[in-house]
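*Asks:* got a sequence here, can you build the structure:
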Amino acid sequence: MRQLTIGIDGYNLAMPRGTGIATYGLNLARTLQSGGHQTVGVFGLHVGKAPSLRETLFFDRVGQAQTGRIVFGGRWQRRGHMIWATLNSRLKAQAIDVPLTNRVDKEAFAEKLPHFDRLTSTTGLFPLAQRHFTMTGRFLSLQMENPPEIMHWTYPVPVRVAGARNIYTIHDLVPLRLPYTTLTNKPGFAKLLRQCAIEADHLCTVSEFSRQDIIDQCDIAPAEITNTYQNSFIPCEILEESFEDSTRKIEGIFGLKPRGFFLFFGAVEPKKNLGRLIEAYLGLQDQPPLVLVGARAWMSEGELSLLPENDPRIIRLDYLNRNTLLRLMRSARAVLFPSIFEGFGLPVLEAMQLGTPVLTSDRSSLPEVAGDSALLIDPYSTASIAKGIQRLNSDDRLREELSRKGPDQAEKFGYSAYLKKLEHMYHHVISSTAASR
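*Replies:* Here you go, the predicted structure:
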């Protein structure tokens, strides 16, 4: 297919620590670049007026950005700027190009930031757009010299790039389906989704479950939304490393024996169901240690209320770099991911890619991703979770079967399949829509 120029937003990529949506953006960019397409990063960082310093300021601030406020200027300056912006329903923002040279050493960002072919940034873009939308009900128009053919927003943010076809990924409807698990403003989220359906040239999502859910709940025509699924790049360093080398490193760092521990990783938030997992695990006897990797997110106190202090059976880690996490995943006896609700469930895919057995939920998109290559449990039943853990610990044949079947199931969501779906969606949108006004 014809090579395209595709914009990808940095709304989540600029956060200090990666999120699932940041990983989605990273994998999206890498997949498109592997297919020969050009990518443009669209960020909301202050990079100053001097062109010679823009690259320096960008890499100084990426990873420190707060999406909810402008990251420069005094309190009154920010407030005055926002009041002016929100009162102007015809407000337009201007993207500034950030030069990409060899002046800044970028290797430190290799794991979390795509190697964009072009970078642009607009000071305070996302909080500016959000306040503009709150006050006017309209999406902010972002002006850009030589805009990309496609602007693929990885999250429903109230911005459009003028002159591009704007596609928005809606991962799931968690704030509406499980309102008690998030701090999201529900009326605001619902309003944003309604306007997104109007403003978008097309909508994208990551599973058939999510696609049907969005169609049903948001009254969107089936032709207006495409499920592309998603994938996960495993670095060559990990793929080419032997199981023995990976496990030797993990044992050296953490003292954990190969296949001698269970692993959970993900944000500590209610929908991940960590509270029931801990309760189920603690009710069992003679189980391998449980390793929990994930920073506290919103409403995490209840999820950790049963977590004992100084209990050698449970090891808690806030954050690991990606390669260490992948090695830990490969070394685990099984990955335990009994989430209540997921738009896709990337941890399930990643564990299967590495041949690690998986326990996961029988709800939302998770059975769709896992197929018959994971052990499914009822996430609302502590007894079901406990029974699943016990089976995975005691049944060698089951673990061997899941380890064998996992990579084949994961290949259904591999690079080639993902790229093909993305390209088909983009070319369909180009052929069936006029570029934005």
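
*Asks:* show me the shaky parts of the stretch 1-150 of the chain.
*Replies:* For the stretch 1-150 of the chain, the stretches flagged by pLDDT under 70 are 1, 16-18, 63, 65-91.

*Asks:* show me where it has its strands.
*Replies:* 5-9, 38-43, 92-94, 96-98, 118-121, 140-143, 150-153 (DSSP state E, counting those that start in this stretch).

*Asks:* any chance of those in a markdown table, plus mean neighbour count and distance to Leu183?
*Replies:* (C-beta placed from N, C-alpha, C; glycine too.) Shown next, in a markdown table, are the strands of the stretch 1-150 of the chain (neighbours: other Cβ atoms under 10 Å; distance: least, Cβ to Cβ, whole Å):
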| stretch | mean neighbour count | distance to Leu183 |
| --- | --- | --- |
| strand 5-9 | 24 | 22 |
| strand 38-43 | 24 | 25 |
| strand 92-94 | 14 | 27 |
| strand 96-98 | 20 | 32 |
| strand 118-121 | 23 | 28 |
| strand 140-143 | 20 | 24 |
| strand 150-153 | 26 | 22 |
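
*Asks:* turn those strands into CSV, including distance to Arg54.
*Replies:* Formatted as CSV, these follow (distance: least, Cβ to Cβ, whole Å):
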stretch, distance to Arg54
strand 5-9, 18
strand 38-43, 11
strand 92-94, 14
strand 96-98, 5
strand 118-121, 8
strand 140-143, 17
strand 150-153, 21
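
*Asks:* I'd like the domain boundaries of this structure, if you could list them.
*Replies:* Annotated domains of the chain cover 5-231+415-432, 236-411 [automatic domain parsing].

*Asks:* for Phe337, give the beta-bridge partners.
*Replies:* Beta-bridge partners recorded for Phe337 (DSSP bridges): Thr360.

*Asks:* in the longest helix along the chain, which residues are buried?
*Replies:* Determined from DSSP state H, the single longest helix within the chain is helix 415-432. Of the residues in helix 415-432, Tyr415, Tyr418, Leu419, Lys421, Leu422, Glu423, Met425, Tyr426, Val429, Ile430 count as buried by neighbour count, 16 or more other Cβ atoms under 10 Å.

*Asks:* what is the mean pLDDT for that helix?
*Replies:* On average, the pLDDT along helix 415-432 is 96.

*Asks:* for stretch 160-179, same thing?
*Replies:* The model assigns stretch 160-179 a mean pLDDT of 96.

*Asks:* need the CA coordinates for it. CSV is fine.
*Replies:* Coordinates of each C-alpha in stretch 160-179 appear next as CSV, following Å, rounded to 0.1, in the frame of the first residue of the first chain:
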residue,chain,number,x,y,z
ARG,A,160,-8.5,18.3,15.6
VAL,A,161,-5.5,18.9,13.3
ALA,A,162,-6.8,21.1,10.5
GLY,A,163,-6.1,19.6,7.0
ALA,A,164,-5.8,16.0,8.3
ARG,A,165,-8.3,13.1,8.6
ASN,A,166,-8.7,12.8,12.4
ILE,A,167,-9.1,9.3,13.9
TYR,A,168,-9.7,8.8,17.6
THR,A,169,-9.1,5.6,19.5
ILE,A,170,-11.6,4.8,22.2
HIS,A,171,-10.2,1.9,24.2
ASP,A,172,-13.1,1.2,26.4
LEU,A,173,-16.1,2.6,28.3
VAL,A,174,-14.9,1.9,31.8
PRO,A,175,-16.1,5.3,33.2
LEU,A,176,-19.6,4.5,32.1
ARG,A,177,-19.6,0.7,32.6
LEU,A,178,-17.8,0.7,35.9
PRO,A,179,-18.3,4.3,37.2
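
*Asks:* for that stretch, which residues meet the burial criterion?
*Replies:* Within stretch 160-179, the residues that count as buried by 16+ other Cβ under 10 Å are 160-176.

*Asks:* now, these that are in helices?
*Replies:* Counting by DSSP H, the buried residues of stretch 160-179 place Val174, Pro175, Leu176 in helices.

*Asks:* in the sheet, who's paired with the closest residue to Glu145 other than its chain neighbours?
*Replies:* In space, and not counting its chain neighbours, Glu145 is closest to Asp97: 7.3 Å by Cβ to Cβ, 6 or more residues apart in numbering. Asp97 forms beta bridges with Thr120, as assigned by DSSP bridges.

*Asks:* these two touch, right, Asp97 and Phe116?
*Replies:* No - applying Cβ atoms under 8 Å as the test, Asp97 and Phe116 come out as separate, 11.2 Å apart.

*Asks:* quick revisit: let's have the buried residues of helix 415-432 in CSV, adding distance to Gly371.
*Replies:* What follows is the buried residues of helix 415-432, written out as CSV (distance: Cβ to Cβ, whole Å):
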residue, distance to Gly371
Tyr415, 19
Tyr418, 17
Leu419, 21
Lys421, 18
Leu422, 22
Glu423, 24
Met425, 23
Tyr426, 27
Val429, 29
Ile430, 33
